[in-house]
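Participant: this one's sequence-less:
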């Protein structure tokens, strides 16, 4: 049985995303375009303002706020195992199976959580407050930042990507360097 549509003048979310994807494609090579589409799927390059508009769309039941915090974690121990540095809200941590089973989610600006394999590679003991030093690639600049371990969860043996999560306080403290420049560098007007 078909559900009745709401009386609204808004386009369905699927139509909005499809139209946006087609406008982005233009004459772009398919091999290059896949990066744009994957970004769209994960809403990777949107601003906070755009996220706030998307999250309130009537077709979205729940959405987590996730933000990549650097272009790469460059510690030498991660040469054979890619590791990512993110901020996830509570829903993101839950849906990403990244809720700490020991300790607590990061709160302070210098607190992080990580999976056990990542901590093992870094030589960090499973102790709350253990120091962690990360070399972050932030817009092609290598930046070393020191953190303390707030918690961890057991690594999934089939998921061969390390994940480290910072606090919202970290995001707020580094908001200028985290601003998305994707549109500045790759601007395509979707309104045209």
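Facilitator: Everything's here; your move. Just so we're clear, the structure is a prediction, and the values are computed from it rather than from any experiment.
Participant: State the mean pLDDT of stretch 166-182.
Facilitator: Averaging pLDDT along stretch 166-182 gives 84.
Participant: Go through it and flag the buried ones.
Facilitator: By neighbour count on 16 or more other CB atoms under 10 Å, the buried set for stretch 166-182 is 166-168, 170-171, 174, 178. Bear in mind the C-beta positions are built from the backbone N, C-alpha and C, glycine included.
Participant: now swap in stretch 80-97 and tell me
Facilitator: Result for stretch 80-97 [16+ other CB under 10 Å]: buried residues 83-88, 92-93.
Participant: picking that back up, keep only those of the buried residues of stretch 166-182 that are in strands.
Facilitator: Judged by DSSP state E, strands contain the following of the buried residues of stretch 166-182: residue 166.
Participant: got the residue ranges for the helices in the protein?
Facilitator: 13-25, 30-41, 48-55, 90-95, 116-122, 168-173, 175-178, 182-185 (DSSP state H).
Participant: quick one, phi psi at the residue nearest to residue 90 when sequence neighbours are not counted?
Facilitator: Once flanking residues are discounted, residue 90 sits nearest to residue 105: 7.4 Å by CB to CB, 6 or more residues apart in numbering. Recorded main-chain torsions at residue 105 are phi -70, psi 150, according to degrees, to the nearest 10.
Participant: how near is residue 105 to residue 114?
Facilitator: According to CB to CB, to the nearest Å, residue 105 and residue 114 sit 12 Å apart.
Participant: of those two, who's got more company?
Facilitator: residue 114 (29 against 19; other CB atoms under 10 Å).
Participant: My guess is the more buried one contacts residue 163. True?
Facilitator: Yes. Contact criterion CB atoms under 8 Å: residue 114 and residue 163 qualify, at 6.7 Å.
Participant: Within the sheet, what are the partner strands of the biggest strand by length in the chain, with directions?
Facilitator: When the chain is parsed with DSSP E, its longest strand is strand 141-153. Taking DSSP bridges as the criterion, strand 141-153 pairs within the sheet with strand 102-103 (antiparallel), strand 111-115 (parallel), strand 131-138 (antiparallel).
Participant: Of all those strands, which one is nearest residue 48?
Facilitator: strand 131-138 (18.2 Å; CB to CB).
Participant: residues of the closest one that come out buried?
Facilitator: Judged by neighbour count using 16+ other CB under 10 Å, the buried positions of strand 131-138 are 132, 134, 136, 138.
Participant: and what of stretch 59-79?
Facilitator: Buried residues in stretch 59-79 (16+ other CB under 10 Å): 63, 65-67, 69-70, 72-75, 78.
Participant: Just put those in TSV and tack on pLDDT and distance to residue 151.
Facilitator: What follows is these, written out as TSV (pLDDT from 0 to 100; distance: CB to CB, whole Å):
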residue	pLDDT	distance to residue 151
63	81	24
65	86	19
66	86	18
67	86	19
69	91	17
70	90	20
72	90	23
73	96	18
74	95	23
75	96	20
78	94	20
